[in-house]
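Peer 1: The following comprises the amino acid sequence and a computationally predicted model.
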Amino acid sequence: DQQVKQNSPSLSVQEGRISILNCDYTNSMFDYFLWYKKYPAEGPTFLISISSIKDKNEDGRFTVFLNKSAKHLSLHIVPSQPGDSAVYFCAASDGPGNQFYFGTGTSLTVIP
Amino acid sequence: DTEVTQTPKHLVMGMTNKKSLKCEQHMGHRAMYWYKQKAKKPPELMFVYSYEKLSINESVPSRFSPECPNSSLLNLHLHALQPEDSALYLCASSQEGQYQPQHFGDGTRLSIL
C-alpha cells in the first residue's frame, strides 16, 4: 500500500510563475520529509528536506511546507525556470534506520 | 556530478548469466542502499547496509545478493534473473543517524533477455 502519494502525475507552469507540487502521506509516524529532483538518465538529486518539528523550510527559490494535521507537504518553486523541468519525488522516513518511502513523482514542465 | 558512482550504466544479460553492479562513494557515508525502480514507479528499497553490515533486507529474492566489501563500496551480485527484474537499479548513501538525506547515483539500467 502506497504510504506516500503524489496525486498529480504532471504539472505545467509558465516561466517566472510559482510551481506548487503536492504530496500526501498516511503514516503519522513519518517525521522527516525530503524532495528529490530527477532528470532523465540521472539518479534523484536531493533538493530540500524538513523535519516534523518545523512547518516550513526555505532554500533559495525552493520552500517546503509541512502540514502535519493534514499529513500533507508541498514544494514551492518561485520563480520557476525552464531548468526546473524534471520529475519531482517526495519521500518520507519514520525515524532512525533511515528507510524512506517515495511517492510516484510529479513531472514538472516549465514553459519559457 | 553525482558523488555516488554506479557502474555499469547499462547492462543486458541473459537469465543464466552472473553479473555484478557496483557502487562507490567517497563522502564518508556509513549507510548505503540499493533501490529498484520500474518505469513510472517510485524507487523501492531492496537492501540497507549500516557500517558495512546488512541491516535491512526487504524480502528480496536470493537471486540478488548484496555485498559491502568496505565503507566506500557496495555491490549487487546478480544470478539467474527473470525478465521482470529488468529495471533501473539505484544506489544511495547517507550519513548515519536521523534526518540525513540519501544521495543517489545515476543508476544501472538492467535488461534481462
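Peer 2: That came in fine, so what should we check first? If you're wondering where the values come from, they're calculated on a predicted model, not measured in any experiment.

Peer 1: Against which helices or strands is the helix or strand harbouring residue B:47 packed?
Peer 2: Residue B:47 is part of strand B:44-50, with elements assigned from DSSP states H and E. Under the contact definition 3 or more C-beta pairs under 8 Å, 6 or more residues apart in numbering or on different chains; DSSP states H and E, strand B:44-50 sits against strand B:31-37, strand B:53-57, strand B:64-70, strand B:73-79. C-betas here are computed from N, CA, C, even on glycine.

Peer 1: In contact with the nearest residue to residue B:79 once chain neighbours are set aside: list those residues for me.
Peer 2: Among residues not flanking residue B:79 along the chain, residue B:18 sits closest, at 4.8 Å (C-beta to C-beta, 6 or more residues apart in numbering or on different chains). If you count contacts by C-beta atoms under 8 Å, 6 or more residues apart in numbering or on different chains, residue B:18 has them with B:77-79.

Peer 1: picking up where we left off before, each with direction, which strands does the strand holding residue B:47 pair with?
Peer 2: Taking DSSP bridges as the criterion, strand B:44-50 pairs within the sheet with strand B:31-37 (antiparallel), strand B:53-57 (antiparallel).

Peer 1: and residue A:67, how far is that from residue A:13?
Peer 2: From residue A:67 over to residue A:13 the distance is 22 Å, taken as C-beta to C-beta, to the nearest Å.

Peer 1: Actually, residue A:82.
Peer 2: From residue A:82 to residue A:13 the distance is 10 Å (C-beta to C-beta).

Peer 1: Now do the shared contacts for the two.
Peer 2: Common contacts of residue A:82 and residue A:13, defined by C-beta under 8 Å, 6+ apart, comprise A:110-111.

Peer 1: Among these two, which residue is more densely surrounded?
Peer 2: Neighbours of residue A:82 and residue A:13, each counted by other C-beta atoms under 10 Å in any protein chain shown, are more numerous for residue A:13; the result is 19 against 10.
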